[in-house]
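Asks: Need coordinates for the following:
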Amino acid sequence: MRVEYRSLPPEVRAAAASRSGAAAVSAEDRAGGFSGGVAARLALADGRRVFLKGCPEDHPIAAQYDVEAWFGTRMPDAFPAPRLLASFDAAGWFVLLFEDVFADVPGGEADLSDPADLAACRDLLTRLASAEYPAAWSARIPPAGVALGHLASGWARVAAEPPPGLDPWAAGRLGELRALERRWASAAEGEGPLHTDLHPGNVLVRGRAAREAVAVDWTRPARGAAWVDALLFCLRDPGVTALPEWFLSDYDVPHEALCGLLAGAAGHWTDAARLAAPPYAPGLRAYEAARAAKALVWLRRAREDDGS
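Replies: Sure thing, here's the model as predicted:
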């Protein structure tokens, strides 16, 4: 549930005008996502556009916004992400201002049913795989096995207290799933940049004929192998019901590691889906339950393919 820009305290809007160099004459509030807070494209009095996002300082997402601000001030110029213009505190809010990637060209969130958008997303994954973090601070970015550690312990929690309605296939294999969810981390090692939360809502595609994709919401950057971002991205594509052929052709992933991350994702989402939904994201648990079911279907097929 988003907060509208116009409902922000006047001090926040004044600080945004000061940091951006001009007052906002109109705001296009953005819906979607599960973080709450405010997200809006602002048209400024001098003709420029910026993107503003923020949350109350005591909001659960505030710590992730702190990471995004830290990362944004150090992001390499050629990185496929919007530039951070400023971050500030005002009237109990923490706010980030970014360049508007659609200021000069049209576009929107990635539509993976559009072949041109999908091609741009694949190119984004390739560009991230070939990018590098600056050596001066890359050691402060956690490896995938740490950043995604929650994808290696979900089944342990589920086994300790199985939820009602647990998938029968999973219920009969809890020991196997607990072991399997810990087998992906070594194959995920690497120094390449990882977003770790890529999904169509976090990828913006701009342009008509020639399209370019950029990744937004860098709240959980990590280091690791490119296939990790790609697989998690596929799991969040609502239009696919099986592991896409493009993933299988683009990434050479050890089968046990592939099954391990599918198991880890399924376990984490199964465990998370039974929690009470936070008031700012009433649809979050249903989303997680759907992702858990999808990951389990893909995992089951993968295990059947290898005779497990």
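
Asks: Tell me, how many residues neighbour Ala160?
Replies: A count of nearby residues for Ala160, using other C-beta atoms under 10 Å, gives 10. To be clear about C-beta, it is placed using only N, CA and C from the backbone, and glycine gets the same treatment.

Asks: I meant to write Ala39 there.
Replies: Residues near Ala39, counting by other C-beta under 10 Å: 22.

Asks: so it makes contact with Arg2?
Replies: Yes - counting by C-beta atoms under 8 Å, Ala39 touches Arg2, with 6.2 Å between them.

Asks: quick one: common contacting residues for the two?
Replies: Residues touching both Ala39 and Arg2 (C-beta atoms under 8 Å, 6 or more residues apart in numbering) are Asp29, Arg30, Gly33.

Asks: what sits opposite the first one in the beta ladder?
Replies: Yep, that's Asp29 we're talking about. Under the criterion DSSP bridges, Asp29 forms beta bridges with Ala40.

Asks: Just the pLDDT for it.
Replies: If you check Asp29, the pLDDT there is 93.

Asks: can you pull the contacts of it?
Replies: Asp29 sits in contact with Arg2, Glu4, Tyr5, Val38, Ala39, Ala40, where contact means C-beta under 8 Å, 6+ apart.

Asks: can you put these in a markdown table and add distance to Trp169?
Replies: Below are these laid out as a markdown table (distance: C-beta to C-beta, whole Å):
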| residue | distance to Trp169 |
| --- | --- |
| Arg2 | 37 |
| Glu4 | 44 |
| Tyr5 | 46 |
| Val38 | 42 |
| Ala39 | 38 |
| Ala40 | 44 |
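
Asks: which one of these sits closest to Pro56?
Replies: Each of the contacts of Asp29 was scored against Pro56 by C-beta to C-beta, and Val38 proved nearest at 9.7 Å.

Asks: returning to what we had before: just name the closest of the contacts of Asp29 to Pro164, please.
Replies: Nearest to Pro164 among the contacts of Asp29, with distances taken as C-beta to C-beta, is Arg2, at 32.0 Å.

Asks: State the number of residues packed around that closest one.
Replies: For Arg2, using other C-beta under 10 Å, the count is 18.

Asks: Quick check, pLDDT for it.
Replies: On the pLDDT scale, Arg2 gets 79.

Asks: That one sits in which helix or strand?
Replies: Here Arg2, judged by DSSP states H and E, is contained in no helix and no strand.

Asks: Send me the host helix or strand of Leu248 as CSV with only the CA atoms.
Replies: Element membership for Leu248, per DSSP H and E: helix 245-250. C-alpha atoms of helix 245-250 as CSV (Å, rounded to 0.1, in the frame of the first residue of the first chain):
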residue,chain,number,x,y,z
GLU,A,245,14.8,-22.7,-22.8
TRP,A,246,16.8,-19.4,-22.9
PHE,A,247,18.0,-20.0,-19.3
LEU,A,248,19.1,-23.5,-20.1
SER,A,249,21.0,-22.3,-23.2
ASP,A,250,22.5,-19.2,-21.6
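
Asks: next one: that helix to chain centre, how far?
Replies: Its chain's average C-alpha position is 21 Å from that of helix 245-250, according to C-alpha atoms, centre = their mean, to the nearest Å.
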